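Undergrad: here you go, sequence then predicted model.
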Amino acid sequence: MLIKKLTDANGLPGNEGEIRSIIKEELEGHVDSMLTDRMGNLIVTKNAGKPGKHIGLSAHMDEVGMLVKRVEDSGLIRMGLFGLDPRILPSKIVVIGKDKVKGVIGTKPVHMTKADERAKAIELDALYIDIGASSKEEAEKSVSMGDFVYFDSEFTEFGEHKIKAKALDDRAGCGIIIEVLKSDIKTPVTAVFCVQEEVGLRGSMAAANRVSADMFVNLEGTVSADMPPNEDYEKVTVLGDGPALSLIDRSSVYLKEYVNKMTAVAEENAIPYQFRRTGAGGTDAGNYHTAHGGTPVIGVAVPCRYLHSPVSVMDKRDYENAIKLVKAFINKYGEEQ
Amino acid sequence: MDTKKFVMSICDASGVSGYESEAAGIIKDAFAEYCDEVSIDRLGNVVAVKKGKGKAKVAFFSHMDEIGLVVLGLDKNGFVRFHQIGGYDQRTLLCQEVVIHGYSGEKVFGVIGIKPPHLQEPGDAEKSVKMSDMLIDTGYSEEKLKELVRTGDIITIKRKMIELKNEAVSGKALDDRACVAAMYECAKLLKDYNHDADVYFVATTQEEVGSMGAIVSTYNIEPDIGVALDVGFAKTPELKPSQCTEFNKGPVIEYGPNIHPKVADMFKEAAKEEGIPFQLEVYTGNTGTDARVVQVSRSGIASGLLALPLKYMHTSVETISVKDLKATGRLLQAFVKHLNGKDLEETLCL
């Protein structure tokens, strides 16, 4: 399954090569050209030069995680974080570097803690990775400063229609674009698989300058808070209610005219959809939005619980519906004069 | 079976206090290969006997129960509220994968979630999330979940043991199945050895909630010497030197009022005779181990306590050294050897 392959693979900001290779392999024979720019963004064209509106698609390849900041004399490893809440780190297994060295993040035994201490979060400074090495010298035989650190979290299907995986933000978006590019769309599309979204939308800054399209659709894994005790108005998105369309976030105001085009396509094709009911977060869409004198952007996202954690959860039906929706949109508006 | 393989297999099995049967089954079968009799008593303790010449009874106790979680009730939309059996630090539970052992017989996968950074309020990041505010996401609808799970079902953290460098292994339930494996190592070493004492290996139940298994099994066996084996705190950066012992430096022989001094001395002598590395530690009060109840069983038992150094106790990444584990097994064998030819009445006289 493509989404399993994409989420089990590892790609932190600045280290997206493994993901890029999988995408290139998947797209071989389905597209006209593939180009990797200086930052590592993968830019793919299909139906170039054919008549119709030129639609841009974008998703990011990177995920949240950690890197090795320092190896201590004791052989223990201190880490730096990308986009992670340190509270999720205790009692996890991690995988370090190219050789996939396993390590654990332990904590002080509960027996040695006081109640007021347990009410506070454990700070990052108090956490470290133990790979079993007994000295710095021994640890450095298998890990180096700057090595990337991933959670050991395997794609799992569970419950009804649910999957659990790390990196659904934004391998879900990568998967949707791959499926769309493999389909029989007829009009010109340029797809951008970006690097470094999680460290400040960096990859798309460069990609947006290179790629000019009539409009951009940005594909994401987005926040859901549809669990108790939240009221309906607090849920942001609800799993199983269909792909979520963006109205506003920290990087874009999505032009209503284009949002309406997308909802019209969903309704004509009986594809469920919902609006993303928060202004929090920002996506690569913002960079396309303001590039080349202004480009209309549309945000389509798969709702995910526990985003930015190793146990993100999505509903497979939302993912499938997002693929259908983007295909139907291209089929309709690609041909619009 | 290779002892490392054995410890990894029993730790992956589930056996929360009072619900030890899955782990117990594997342990019973494994000890049967090296012992003369293996049985399970009314409170679920696995009792394996390696017969000697019947001159004395020595019993080793290691608890096979692990801490775990339990279903309090079902919330809306397929979410489960839970509480703990034994003591976790709530901060180690976020984003764990779990298995709910449903009354239906189905093992239901779930995850304990957290509010994503995008939606947190200022100040949230400094506080820990209370266990009573946590939810397990099962991915099921409420109606379907009711058919699978109900209040009282046991939950374990989904964890497969991993190997680290230097013969270390990490996972859940090493407290105290690592010591069950140390007894197993001893049983293997004693297989073709003639010893005076009958040796009882007991994998006890319910230690984490008050050593009820050890109360019952000590009463049933009525040993001359009863030695508890449990994991102890190995050195990590958060602990003061007075709170821990060294990792990879051998088992710890404990002294203090909960321990018969002559038993501790004999362990020390036996370790020296066989060249087994060991460390010493002193407990001033009752230990939080099965030794607490062993000592006062029947009309008083000569009790001993060995500790196996373990890092990150009561988490799902508990870590031990297999070298320490095997040394602990060798020390048990050395102790049994050391008793040969001894008159216990005289030896244990205070």
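TA: Everything's here; your move. Residues are numbered from 1 along each chain as shown, chains lettered A, B, ... in the order given.

Undergrad: give the contact list for B:Ser17.
TA: B:Asp65, B:Glu66, B:Ile67, B:Gly68, B:Ile85, B:Gly86, B:Thr205, B:Gln206, B:Glu207, B:Glu208, B:Val209 (Cβ atoms under 8 Å, 6 or more residues apart in numbering or on different chains). For every residue, glycine as well, the C-beta is placed using N, CA and C.

Undergrad: and the nearest residue to the second one once chain neighbours are set aside, how far from chain A?
TA: With Cβ to Cβ, 6 or more residues apart in numbering or on different chains as the criterion, B:Glu66 has its nearest non-adjacent residue at 3.8 Å, and that residue is B:Ala173. Computed with Cβ to the nearest Cβ, to the nearest Å, the distance linking B:Ala173 and chain A is 13 Å.

Undergrad: returning to that earlier point: just the buried ones from the contacts of B:Ser17, in PyMOL syntax?
TA: PyMOL command restricting the contacts of B:Ser17 to the buried ones, with burial defined by 16 or more other Cβ atoms under 10 Å in any protein chain shown:
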select buried, chain B and resi 65+66+67+68+85+86+205+206+207+208+209
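
Undergrad: the closest residue to chain B within the stretch 51-200 of chain A - how many residues pack around it?
TA: Ranked by Cβ to the nearest Cβ, the top residue of the stretch 51-200 of chain A for proximity to chain B is A:Gly159, at 1.8 Å. Neighbourhood size, A:Gly159 [other Cβ atoms under 10 Å in any protein chain shown]: 21.

Undergrad: these two touch, right, it and B:Gly78?
TA: Yes - using Cβ atoms under 8 Å, A:Gly159 makes contact with B:Gly78 at a distance of 6.6 Å.

Undergrad: overlap of the contact sets of the two?
TA: B:Asp137, B:Thr138, B:Gly139, B:Tyr140.

Undergrad: the first one: what's it in contact with?
TA: When the contact criterion is Cβ under 8 Å, 6+ apart, the partners of B:Asp137 are A:Gly159, A:Met227, A:Arg305, A:Tyr306, A:Val313, B:Gly78, B:Phe79, B:Gly110, B:Val111, B:Ile112, B:Gly113.

Undergrad: please apply the same query to A:Ile43.
TA: A:Ile43 touches A:Met34, A:Leu35, A:Thr36, A:Asp37, A:Thr190, A:Ala191, A:Val192, A:Phe193, A:Ala207, A:Arg210, A:Val211, counting by Cβ under 8 Å, 6+ apart.

Undergrad: break the chain into its domains for me.
TA: Picking chain A for this. In the domain annotation for chain A, the residue ranges read A:2-63+A:166-333, A:65-151 (automatic domain parsing).

Undergrad: I was after chain B.
TA: As given by automatic domain parsing, the domain ranges for chain B are B:3-66+B:172-347, B:68-157.

Undergrad: in the stretch 101-250 of chain B, which spans are strands?
TA: Ranges of strands in the stretch 101-250 of chain B, per DSSP state E, counting those that start in this stretch, are B:107-112, B:136-137, B:154-157, B:162-163, B:168-171, B:198-204, B:225-233.

Undergrad: mind listing what's buried along the last one?
TA: Going by neighbour count (16+ other Cβ under 10 Å), the buried part of strand B:225-233 is B:Ile225, B:Gly226, B:Val227, B:Ala228, B:Leu229, B:Asp230, B:Val231, B:Gly232, B:Phe233.

Undergrad: can you tell me which of the residues you listed is closest to chain A?
TA: The closest of those, once distances to chain A are taken by Cβ to the nearest Cβ, is B:Phe233, at 5.8 Å.

Undergrad: picking up where we left off before, quick one: closest of the domains of chain B to A:Ile271.
TA: Between A:Ile271 and the domains of chain B, the tightest spacing by Cβ to Cβ is seen for domain B:68-157, at 21.7 Å.

Undergrad: how far does that closest one stretch from start to finish?
TA: Taking Cα to Cα, to the nearest Å, domain B:68-157 runs 7 Å from one end to the other.

Undergrad: chain center to that domain, what's the gap?
TA: On the basis of Cα atoms, centre = their mean, to the nearest Å, domain B:68-157 sits 24 Å off its chain's mean C-alpha point.

Undergrad: any idea how far A:Met145 is from A:Ser74?
TA: According to Cβ to Cβ, to the nearest Å, A:Ser74 and A:Met145 sit 16 Å apart.

Undergrad: who has more neighbours out of those two?
TA: Neighbour count, other Cβ under 10 Å: between A:Ser74 and A:Met145, A:Ser74 has more, with 16 against 11.

Undergrad: check contacts around that one.
TA: When contacts are counted by Cβ under 8 Å, 6+ apart, A:Ser74 touches A:Ser134, A:Ser135, A:Lys136, B:Pro237.

Undergrad: give me the buried subset of the residues you listed.
TA: So, by 16+ other Cβ under 10 Å, none of those is buried.

Undergrad: of the shared contacts of A:Gly159 and B:Gly78, closest to A:Ala264?
TA: Nearest to A:Ala264 among the shared contacts of A:Gly159 and B:Gly78 is B:Gly139, at 32.0 Å by Cβ to Cβ.

Undergrad: which one is the closest one nearest to, not counting chain neighbours?
TA: A:Gly159 (1.8 Å).

Undergrad: model confidence for that neighbour, exactly?
TA: In this prediction, A:Gly159 carries a pLDDT score of 97.

Undergrad: ok, B:Glu281 - how many residues close by?
TA: 17.

Undergrad: quick check: closest non-adjacent residue to the spatially most central residue of chain A.
TA: Chain A has A:Asp170 as the residue nearest its centroid, 1.5 Å off, counting by Cα atoms, centre = their mean. Nearest residue to A:Asp170 in three dimensions, chain neighbours excluded: A:His60, at 4.6 Å (Cβ to Cβ, 6+ apart).

Undergrad: with A:Glu179 instead?
TA: A:Ile323 (4.7 Å).

Undergrad: average pLDDT for the strand or helix carrying A:Leu57?
TA: Using DSSP states H and E, A:Leu57 sits in strand A:55-60. Here strand A:55-60 scores 98 as its mean pLDDT.

Undergrad: before we move on, what about stretch A:118-136?
TA: pLDDT averaged over stretch A:118-136 gives 96.

Undergrad: next: stretch B:307-314.
TA: 98.

Undergrad: check stretch A:95-112 too.
TA: Average pLDDT, stretch A:95-112: 95.

Undergrad: just stretch B:273-287 next, same as before
TA: 96.

Undergrad: can you report how many residues neighbour the residue of chain B found nearest chain A?
TA: Here the residue of chain B nearest chain A is B:Gly139; by Cβ to the nearest Cβ that distance is 1.8 Å. Neighbourhood size, B:Gly139 [other Cβ under 10 Å]: 25.
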